[in-house]
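> just the structure for this:
(one chain, ligands or ions: 3)
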Amino acid sequence: MGVEKKILVIPGDGIGQEVTTWGQKVLTAIAANYHHKFTFEEGIMGHVAIEATGDPLPEETLQKAKNSDAILFGAIGHAKYDNDPTLKVRPEQGLLKIRKELGLYANLRPIKLFDELLEASSIKPEILRGSDILFFRELTGDVYFGEKKRTEDRNTASDLMIYHRYEVERIARKAYEAARNRRKKLCSVDKANVLEASRLWREVMQEVAKEYPDVETEHMFIDNAAMQLIKDPKRFDVVVTGNLFGDILTDEASQIAGSMGMLASASVGDKTGFYEPIHGSAHDIAGKGIANPLASILSAALMLDISFGLKTESQRVIKAVEATLRQGYRTMDIANKHTVNEFIMGTDAMGAKVLENLN
Ligand SMILES: NC(=O)C1=CN([C@@H]2O[C@H](COP(=O)(O)OP(=O)(O)OC[C@H]3O[C@@H](n4cnc5c(N)ncnc54)[C@H](O)[C@@H]3O)[C@@H](O)[C@H]2O)C=CC1
Ligand SMILES: CC(C)CC(=O)C(=O)O
Ligand SMILES: [Mg+2]
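Ligands and ions are numbered 1, 2, ... in the order given. Predicted coordinates for the structure are as follows:
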């Protein structure tokens with residue numbers, strides 16, 4: 001008998017609901033193939049939760065999350081809120097709250113480029129070939145959690161960018177430990193030439209760097225990093241940065257992997273791991289059945305590895321994704337307009353191909 005795990009599935013909104021089912025199906029197939037027992041519970045969050053209960057993160061979902069071994073999440077968000085910034089209760093509050101409540105301070109975002117997708121990106125293949133970056137985005141601090149203010153006349157607003165030493169220290173150590181097991185290069189990204197919170201960030205990074213003399217450390221300003229990432233992605237190994245900069249840089253970095261629909265993530269911290277694609281609920285394609293399910297499937301692979309220590313099973317999922325791409329199967333976002341040997345398909349057909357390759 002293998003391991004027994006309780007997994008909470010939170011599909012959320014928009015394409016979150018369309019893709020998460022494939023992450024779950026892959027976990028179910030792995031459990032069957034390797035004689036593990038995964039039991040699934042479902043929870044609501046985001047717009048669907050506001051509609052059902054008035055709360056973007058109902059207490060029931062939070063309790064289920066706290067009682068589970070890992071969480072597979074889709075995405076939250078609805079055009080209604082994006083178009084009306086005055087709404088007070090918002091889907092994103094649910095995601096921010098669960099990250100804080102579960103102490104998920106480190107968001108790992110691997111930028112994995114499958115060779116089969118070299119031609120799918122708008123970046124030249126010779127620049128991309130060999131790129132392999134692991135982002136550590138700090139996830140429970142920064143402007144997302146600092147005090148928010150609006151003056152009574154509503155004409156002035158502010159979000160406090162705040163970091164505490166311990167928050168920087170703990171993400172720094174996680175990133176350095178990972179760098180030690182990779183190519184031993186770490187780039188810390190900040191805006192220390194302007195921001196006091198970034199000056200603290202850099203100070204602490206410089207201190208922690210002394211504990212890892214075997215790792216080559218580089219400090220880079222965010223504006224330069226955004227440019228270098230596209231100019232020469234191969235120069236990066238591990239990148240560690242704050243919540244806001246990491247959010248933006250990793251959407252940019254998705255173009256190294258070919259699409260937002262390819263990037264998985266793991267949020268870890270005190271206890272339960274939380275696994276989700278980096279993308280949102282994608283109003284522009286929601287309901288059309290064309291979203292790429294691979295980010296959710298690769299998030300499931302991260303769960304198997306990081307939360308359950310099932311490395312063979314995790315690799316098996318990655319190999320199944322690789323095989324699917326090698327066979328020429330593509331969702332719209334990763335189709336290469338110059339190649340005829342591709343079969344363009346929707347979410348469910350693509351997910352089914354991965355399942356076939358797993359069995
Ligand atoms: N973690 C989360 O739940 C996140 C939620 N959001 C929310 O999602 C909503 C939409 O936000 P956007 O800025 O449009 O970002 P988004 O990530 O949802 O979409 C950005 C672009 O990438 C494409 N895309 C994303 N995932 C894809 C996939 N799996 N397959 C194919 N194409 C894909 C979309 O079609 C869109 O053109 C907003 O309400 C936002 O607040 C945004 C980012 C993260
Ligand atoms: C929707 C936000 C709360 C977060 C976001 O964009 C992300 O985590 O990538
Ligand atoms: Mg984002």
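> low-scoring stretches of this protein, by residue?
Filtered on pLDDT under 70, the chain yields the residue ranges 338, 340.
> for it, longest helix please?
helix 15-34 (DSSP state H).
> now do that helix: distance to the chain's middle.
17 Å (C-alpha atoms, centre = their mean, to the nearest Å).
> check whether it comes near ligand 2.
No: counting by C-beta under 6 Å from any ligand atom, ligand 2 is not contacted by helix 15-34; separation bottoms out at 11.3 Å. All C-beta atoms are positioned from the backbone trio N, CA, C, and that covers glycine.
> in the next helix or strand after that helix, what's buried?
Per DSSP states H and E, the first helix or strand lying C-terminal to helix 15-34 is strand 37-42. Neighbour counts over strand 37-42 (16 or more other C-beta atoms under 10 Å) mark F38 as buried.
> ok, and what's touching strand 37-42?
The contact list for strand 37-42 (C-beta atoms under 8 Å, 6 or more residues apart in numbering) reads 1-11, 24, 27-28, 30-31, 64, 68.
> determine how far that strand lies from the middle of the whole chain.
That offset, for strand 37-42, works out to 22 Å (C-alpha atoms, centre = their mean).
> which other helices and strands contact the longest helix of the chain?
Packing contacts for helix 15-34, counted by 3 or more C-beta pairs under 8 Å, 6 or more residues apart in numbering; DSSP states H and E, involve strand 4-12, strand 37-42, strand 70-75, helix 294-306, helix 311-326, helix 347-358.
> for the ones you listed, give me TSV that also has distance to D55.
Output for the helices and strands packed on helix 15-34, formatted as TSV (distance: least, C-beta to C-beta, whole Å):
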stretch	distance to D55
strand 4-12	14
strand 37-42	17
strand 70-75	17
helix 294-306	25
helix 311-326	34
helix 347-358	29
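> quick check: residues of this structure near ligand 2?
92, 95-96, 247, 278.
> for ligand 1, which of the helices and strands packed on helix 15-34 is the nearest?
Closest approach to ligand 1 among the helices and strands packed on helix 15-34 (C-beta to the nearest ligand atom): strand 70-75, 3.7 Å.
> give the next helix or strand downstream of the closest one.
Toward the C-terminus from strand 70-75 - assigned by DSSP H and E - lies helix 79-82.
> point me to the residue of the stretch 251-359 of the chain nearest ligand 2.
Counting by C-beta to the nearest ligand atom, the stretch 251-359 of the chain gets nearest to ligand 2 through I278 (5.4 Å).
> backbone dihedrals for that residue, please?
The phi/psi pair for I278 (degrees, to the nearest 10) reads phi -80, psi -10.
> and what of T250?
phi -80, psi -30.
> element containing the closest residue to it other than its chain neighbours?
In this structure, T250 finds its nearest non-sequential neighbour in R109, 4.7 Å apart by C-beta to C-beta, 6 or more residues apart in numbering. Element membership for R109, per DSSP H and E: strand 106-112.
> ligand 1 contacts on the stretch 51-200 of the chain?
The stretch 51-200 of the chain comes close to ligand 1 at residues 75-77, 82, 92, 95, as judged by C-beta under 6 Å from any ligand atom.
> next one: whichever strand or helix holds I127 to chain centre, how far?
Using DSSP H and E, I127 maps to helix 125-128. Once both centres are worked out by C-alpha atoms, centre = their mean, helix 125-128 turns out to sit 23 Å from its chain's centre.
> for stretch 268-276, same thing?
Relative to the chain's own centre, stretch 268-276 is displaced by 11 Å; criterion: C-alpha atoms, centre = their mean.
> just the CA atoms of that stretch, as PDB, please.
The C-alpha trace of stretch 268-276 is given here as PDB (Å, rounded to 0.1, in the frame of the first residue of the first chain):
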ATOM      1  CA  VAL A 268       4.700  26.600   0.900                       C
ATOM      2  CA  GLY A 269       5.300  27.700   4.400                       C
ATOM      3  CA  ASP A 270       4.300  26.500   7.800                       C
ATOM      4  CA  LYS A 271       2.300  23.400   7.000                       C
ATOM      5  CA  THR A 272      -0.100  22.600   4.100                       C
ATOM      6  CA  GLY A 273       1.200  23.200   0.600                       C
ATOM      7  CA  PHE A 274      -1.000  25.000  -1.900                       C
ATOM      8  CA  TYR A 275      -0.600  24.300  -5.600                       C
ATOM      9  CA  GLU A 276      -1.900  26.500  -8.400                       C
END
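> which of the contacts of strand 37-42 count as buried?
5, 7-11, 24, 27, 30-31, 64, 68.
> what's the nearest residue to E138 if we skip its chain neighbours?
I171 (4.6 Å).
> what do you get for N359?
A29 (6.7 Å).
> list the contacts of the one you found.
355, 358-359.
> give me the contacts around the strand or helix carrying K100.
K100 is part of helix 91-101 when elements are defined by DSSP H and E. The contact list for helix 91-101, computed with C-beta under 8 Å, 6+ apart, reads 12-13, 45-47, 49-50, 55-57, 61-62, 65-66, 73, 76-78, 81, 104, 139-140, 144-145, 267, 274, 281.
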